[in-house]
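> A predicted structure for the sequence below; I have some questions about it.
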Amino acid sequence: MSTLRLQLHYPDMSVPQRAHPKDVGLDLTAMALEPHNERLFFVDTGISVEPPEGYYVEVVARSSLSKTDFILANSVGIIDPDYRGRIRLVLRYLGEGSGVDAAAELIGRRVAQLILRCREEANVEVVSKLGETGRGSGGFGSSGS
């Protein structure tokens, strides 16, 4: 089993955990908040990571975030394997008016998950034509509703 190394930046914070033994993600808590404006908020998770060799981490929203008026502004955060800074999130407020008070209520709550992913590398080859498939270029809505 690989080891994901974590650095905790708040003395009273808990180590990120999985809620259930077979869960994929480690829950991340909003430890501090910095408003960018009334609708965007930088959230400090209080951790830095060092993935094992050959891995990187992704940060995704917890499903419970959908019960709030917030979403992760960039949907998925990719944390490169050589990044050692604090993991911060950007939350976007979708509710009415200012989100400052609602954002303050997120402090101490689990808002995202950290997922360890295997890092793959591939050579890039530019070609004049791609191989044919049955689907071809059928995209949005091509399989029906």
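Cool, got the structure.

> could you check the pLDDT of the residue nearest to residue 109 when sequence neighbours are not counted?
Among residues not flanking residue 109 along the chain, residue 30 sits closest, at 5.7 Å (Cβ to Cβ, 6 or more residues apart in numbering). C-beta coordinates here come from the backbone N, C-alpha and C atoms, glycine included. Listed pLDDT for residue 30 reads 97.

> same check on residue 145?
63.

> for residue 73, same thing?
95.

> before we move on, what about residue 141?
Value for residue 141, per-residue pLDDT: 75.

> check contacts around it.
If a contact means Cβ atoms under 8 Å, 6 or more residues apart in numbering, then residue 141 has no contacts.

> with residue 22 as the reference, measure out to it.
Applying Cβ to Cβ, to the nearest Å, the value for residue 141 to residue 22 is 35 Å.

> in this protein, which residue is closest to the centre?
Nearest residue to the geometric centre of the chain (Cα atoms, centre = their mean): residue 59, 1.9 Å.
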